[in-house]
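Provided below for reference: sequence and predicted model.
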Amino acid sequence: MTELEILGQKAKTASRELAVATTAQKNSALYAIADALLNKKEIILAANREDMQNARDNGMSESLQDRLALTEARIEAMVAGVRQVAALPDPVGEAISMANRPNGLTIAQIRVPLGVIAIIYEARPNVTVDAAVLCLKAGNAVILRGGKEAICANTALTKIMRSALAKSGLPEDSISLVADTSRDSARELMQLRAYIDVLIPRGGAGLIRSVVENAKVPVIETGVGNCHVYIDDSADLEMGAKIVTNAKCSRPSVCNAAETLLVARSVAEDFLPLVLPQLQKYQVALRGDAETKAILGEVVVPATEEDWATEYNDYILAVKVVAGIDEALAHIARYGTLHSEAIITSDYLSSQRFLNEVDAAAVYVNASTRFTDGGEFGLGAEIGISTQKVHARGPMGLRELCSTKFIIYGSGQIR
């Protein structure tokens, strides 16, 4: 057997024990993990410093370094997230429906763990903890395969969590990390149907496309966020400027950040000069169409077709002036990635058209796309934002990490 097959076999064995673990057992393990992470934060920070030095040496962009970086505050937030997950209701065993049939059978549908979940992700060590604890609470074993950029921090985090699991009485193989960060390990993980029940990729478009095209294991697509904010004819322009600035600049490296600004032609000459100084405070580079450039001048670089389809993950914003809501909807339908889309409007009918016609996991009226997040939606931590339509869509919390099964009570019935 290969190393990954051995890892998968151990995870499958651990998943059977986790599936019948009580809520109290799982919560005890989660609190133990939280305490261990806090007590060993210096070890985690030292490992992250090594990752950060390697990132700088390899020329990683500042926005991606922001994803990679850990601080005491971020570790404390991570620990708080673990405790929040422990405090959430346990979805396992929850009855979704129950009915008595005319033949006397009682048929119920309940939530059950998926089994073994594999996650392939990039330079975000917080995902290591978020994914592990969410899977654990939902009764699943998890195999983590992070990127080479975060291997030192990921290794330290996994070691700490496994030790806490063992001390709490649950199998340490409930959480495991693939040490090999080569493409070969990712490809092999995609093929392990005998051991893995679901594979979740978290990262850029290239990673997700590779997983979807090559995996034999069932896949839940997450993450790619070419998100738009549309300023409608009736928009409150001051509010719109604040929302656009937040959606683009509060953290441009994440998937719910806005990448394209669409502006109705009737308000473009008023809105674009209003929002420009706010964006310039963050040194946002603008890629615009001819009308945008005519209004704002030399600060705008002419946009190419590629710009409309790009998830920048950086301080770059594509800007297009559109005739109105019809053109905005058509643009989003062509270039959107089914993640998060927003309209800024004072017109009720426009807001309802946008909500009804935009195909995305999260659709906003007069709010920033940056709220697409499990914590902000009241779900606790999330394992990712699903942009597909099967099984789970939007922030994937505990319930989305479960499947269902039917249980049937009889008294001797035959057919």
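Thanks, I have the structure now. Because the structure is a prediction, the values reported are computed rather than measured. Numbers count the residues shown, from 1 in each chain.

what comes up buried for the helix or strand hosting Gln352?
Element membership for Gln352, per DSSP states H and E: helix 348-357. For helix 348-357, the neighbour count (16 or more other CB atoms under 10 Å) marks Ser350, Ser351, Arg353, Phe354 as buried. Heads up, the C-betas are built off the backbone N, CA and C, glycines and all.

and if you look at stretch 182-189?
For stretch 182-189, the neighbour count (16+ other CB under 10 Å) marks Ser185, Ala186, Glu188, Leu189 as buried.

List just the nearest of the residues you listed to Glu327.
Ala186 (39.8 Å; CB to CB).

Spit out the contact partners of that closest one.
Ile120, Arg145, Ser210, Val211 (CB atoms under 8 Å, 6 or more residues apart in numbering).

one step back: biggest separation within the buried residues of stretch 182-189, which pair?
Applying CB to CB across these, the maximum distance is between Ala186 and Glu188, 7.4 Å.

Would you reformat the contacts of Ala186 as JSON lines and include neighbour count, distance to Arg162 and secondary structure?
Formatted as JSON lines, those follow (neighbours: other CB atoms under 10 Å; distance: CB to CB, whole Å; DSSP: H, G, I helix; E, B strand; the rest coil):
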{"residue": "Ile120", "neighbour count": "25", "distance to Arg162": "19", "secondary structure": "strand"}
{"residue": "Arg145", "neighbour count": "24", "distance to Arg162": "16", "secondary structure": "strand"}
{"residue": "Ser210", "neighbour count": "17", "distance to Arg162": "28", "secondary structure": "helix"}
{"residue": "Val211", "neighbour count": "25", "distance to Arg162": "25", "secondary structure": "helix"}
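
JSON lines please, covering the residues you listed and showing pLDDT.
Below are those laid out as JSON lines (pLDDT from 0 to 100):
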{"residue": "Ile120", "pLDDT": "93"}
{"residue": "Arg145", "pLDDT": "96"}
{"residue": "Ser210", "pLDDT": "86"}
{"residue": "Val211", "pLDDT": "87"}
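
Just flag the most distant two among the buried residues of helix 348-357.
So, those by CB to CB: farthest apart are Ser351 and Arg353, at 7.3 Å.

For the helix holding Gln352, which outside residues touch it?
Under the criterion CB under 8 Å, 6+ apart, residues Tyr230, Asp232, Asp233, Ser234, Ile325, Leu329, Glu341, Ile343, Thr345, Val363, Val365, Asn366 lie in contact with helix 348-357.

Report the secondary structure state of the fourth one.
On the three-state scheme (DSSP: H, G, I helix; E, B strand; the rest coil), Ser234 is labelled coil.

and Met52, that's in a strand?
No: read with three-state DSSP, Met52 is helix and lies in no strand.

tell me the contacts of it?
Met52 sits next to Gln65, Leu68, Ala69 when contact means CB under 8 Å, 6+ apart.

got it, and Gly146?
Contacts of Gly146 by CB under 8 Å, 6+ apart are Tyr121, Glu122, Ala123, Arg124, Pro125, Val127, Thr128, Asn154, Leu177, Thr181.

same thing but 10 Å
Neighbour list for Gly146: 119-125, 127-128, 131, 153-155, 157-158, 177-178, 181, 202-203 [criterion: CB atoms under 10 Å, 6 or more residues apart in numbering].

Only the buried members of those: can you turn that into a ChimeraX selection?
The buried residues among the contacts of Gly146 can be selected in ChimeraX (16+ other CB under 10 Å) with this line:
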select :119,120,121,122,123,124,125,127,128,131,153,154,155,157,158,177,178,181,202,203
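
Let's see if you can find the most crowded of the contacts of helix 348-357.
Tallying neighbours with other CB atoms under 10 Å puts Glu341 at the head of those, with 30 neighbours.

from what I can see that residue touches Ser368, true?
No: under the criterion of CB atoms under 10 Å, Glu341 makes no contact with Ser368, lying 11.6 Å away.

what is in contact with these two at once?
Common neighbours of Glu341 and Ser368 (CB under 10 Å, 6+ apart) are Cys227, Val229, Ala258.

so which of those residues comes closest to Gly375?
Closest to Gly375, out of all of these and judged by CB to CB, is Cys227, at 18.1 Å.

Which pLDDT does the model give Gly203?
Looking at Gly203, its pLDDT reads 76.

hang on, the earlier thing: I'd like the contacts of Ala186 laid out as TSV, including distance to Ser403.
Rendered in TSV, the data for these read as follows (distance: CB to CB, whole Å):
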residue	distance to Ser403
Ile120	20
Arg145	22
Ser210	25
Val211	20
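
ok, of these, which one's closest to Thr304?
Of all the contacts of Ala186, Thr304 sits closest to Ser210, with 24.4 Å by CB to CB.

which strands and helices sit next to the helix or strand that contains Tyr230?
In the assignment (DSSP H and E), Tyr230 maps to strand 227-231. Contacts defined by 3 or more CB pairs under 10 Å, 6 or more residues apart in numbering; DSSP states H and E place strand 227-231 against helix 237-249, strand 258-264, helix 265-280, strand 316-322, helix 325-335, strand 340-344, strand 362-365.
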